[in-house]
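K.L.:
Sequence first, then the predicted structure:
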Amino acid sequence: MGWPEERASIRRDALGIAAYAGAFGVSLGAIAVASGLTVIQTCLLSLAMFSGASQVAFIGVIGAGGSALAAIPATLLLGIRNTFYGIRLVQVLGVRGRRVAVAAQFVLDETAAMVIARDDEREQRYAFWFTGVLLFVVWNVGTMAGALGGSAIGDTAAFGLDAVVPAAFLALIWPRLDDATSRLVAIGGALVAITLVPLLPPGIPVLAAAPVAVVAGLWRREPRSAT
Amino acid sequence: MIWVAIITASVGCYLLKLAGLSPPQTLLDRPDVQRVAALLPVALLAALVAVGTFADDGRLTIDARVAGVAAAVVALLLRAPFLVVIVVAAATTAILRAVT
């Protein structure tokens, strides 16, 4: 495929993600207001925090009647995985100075997944920026619409959207599963997370998969293969 | 108090993102760091896939999502494009919920 076709393919995939992310944004905006946040607070959260998992955690604590300050550690815990994505993303983005500060806001599960789904650096950079900016717009419009719409609009489970999230991330890591180490890390990470789901609060089981990557990465001492 | 929490948590989330993009170059040049960095998104996203498929409010369940993700795997094995994979997952789950 040439670059124009490649670029069109990236845009198509990003639009697919934006479609369901927008639906989740609407739903989260409605839940935020139902949990006691104002419309302005809900919108500011999407603009400034711009991280679905962290926002869900924040709103969850507020909605459960917890103190606002108690929401801070819960939210930051969910944000740690973006730090881990960053260490990977910085190697392909080639950003410096002020652009690092801009790029940082777009470090998300979705942009990380869109980048690792691709091999070519130009495609990876385009995928990062296009997906990041598109999601930023759609997510903010979505949460605002949900917040203004008041009572919870629609149920994301009704259209099977809750299955789309794991399916989309699986599709995006799929091309990486062609070497044995990555496959083992993926299976190991999945098993660690699943095992911890009943034992730990939401978000931590996913984070607990990170040590699997660290151990596997340090274990393999032989020179880097072509993968 | 709520505003303090919103601003503190948002700035904190941003700094966590920024920290990942700002490691010293000497660290990034190390082959072991590069290997770990390449594997981190694979581990975390695979964990997200597993949790998104089987977890429901702190419990493990088997519901229509599992069928949706299984259908997505079949689509991936048949080399279906991304959009087809996610539509297959949504449709499978939605249809299963509608008939059960």
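P.N.:
Sure thing, it's come through.
K.L.:
buried ones in the lengthiest helix in chain B?
P.N.:
When chain B is parsed with DSSP state H, its longest helix is helix B:31-54. Using 16 or more other Cβ atoms under 10 Å in any protein chain shown as the test for burial, helix B:31-54 gives B:33-54. In this view, the C-beta of every residue, glycine as well, is placed from N, C-alpha and C.
K.L.:
Quick check: what element follows that helix along the chain?
P.N.:
Following helix B:31-54 in sequence order, the next helix or strand is strand B:55-56 (DSSP states H and E).
K.L.:
Need the contact partners of that following strand.
P.N.:
Strand B:55-56 is contacted by residues A:194, A:197, A:202, A:205, B:61, B:63 when judged by Cβ atoms under 8 Å, 6 or more residues apart in numbering or on different chains.
K.L.:
What sits closest to the fifth one if chain neighbours are left out?
P.N.:
In space, and not counting its chain neighbours, B:Thr61 is closest to B:Phe54: 6.6 Å by Cβ to Cβ, 6 or more residues apart in numbering or on different chains.
K.L.:
Pull the contacting residues for the one you found.
P.N.:
A:194, A:197, B:60-62, B:65-66.
K.L.:
confidence score at it?
P.N.:
Looking at B:Phe54, its pLDDT is 97.
K.L.:
Repeat that for A:Ala152.
P.N.:
55.
K.L.:
What is the neighbour count of whichever residue of chain A sits closest to chain B?
P.N.:
Nearest to chain B in chain A, going by Cβ to the nearest Cβ, is A:Gly86, at a distance of 1.8 Å. By the measure other Cβ atoms under 10 Å in any protein chain shown, the count of residues near A:Gly86 is 26.
K.L.:
Closest one of the contacts of B:Phe54 to B:Leu83?
P.N.:
B:Leu83 has its nearest neighbour among the contacts of B:Phe54 in B:Arg65, at 18.9 Å by Cβ to Cβ.
K.L.:
tell me the contacts of the residue of chain B found nearest chain A?
P.N.:
Of all residues in chain B, B:Gly20 sits closest to chain A, with a separation of 1.8 Å (Cβ to the nearest Cβ). Residues near B:Gly20 by Cβ under 8 Å, 6+ apart: A:82-87, A:89-90, A:104, A:107.
K.L.:
just so I have it, where are all the helices in the chain?
P.N.:
I went with chain A, as the question did not name one. A:3-34, A:39-44, A:52-63, A:71-93, A:98-105, A:109-116, A:121-149, A:161-173, A:180-196, A:204-207, A:210-219.
K.L.:
The intended chain is chain B.
P.N.:
B:2-21, B:25-28, B:31-54, B:64-77, B:82-99.
K.L.:
For the second one, what is the distance to the chain centroid?
P.N.:
Mean-position distance between helix B:25-28 and its chain equals 27 Å (Cα atoms, centre = their mean, to the nearest Å).
K.L.:
helices or strands next to that helix in the packing?
P.N.:
helix A:71-93, helix B:31-54 (3 or more Cβ pairs under 8 Å, 6 or more residues apart in numbering or on different chains; DSSP states H and E).
K.L.:
In JSON lines: the ones you listed, plus distance to A:Ser46.
P.N.:
Putting the helices and strands packed on helix B:25-28 into JSON lines (distance: least, Cβ to Cβ, whole Å) gives the following:
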{"stretch": "helix A:71-93", "distance to A:Ser46": "13"}
{"stretch": "helix B:31-54", "distance to A:Ser46": "20"}
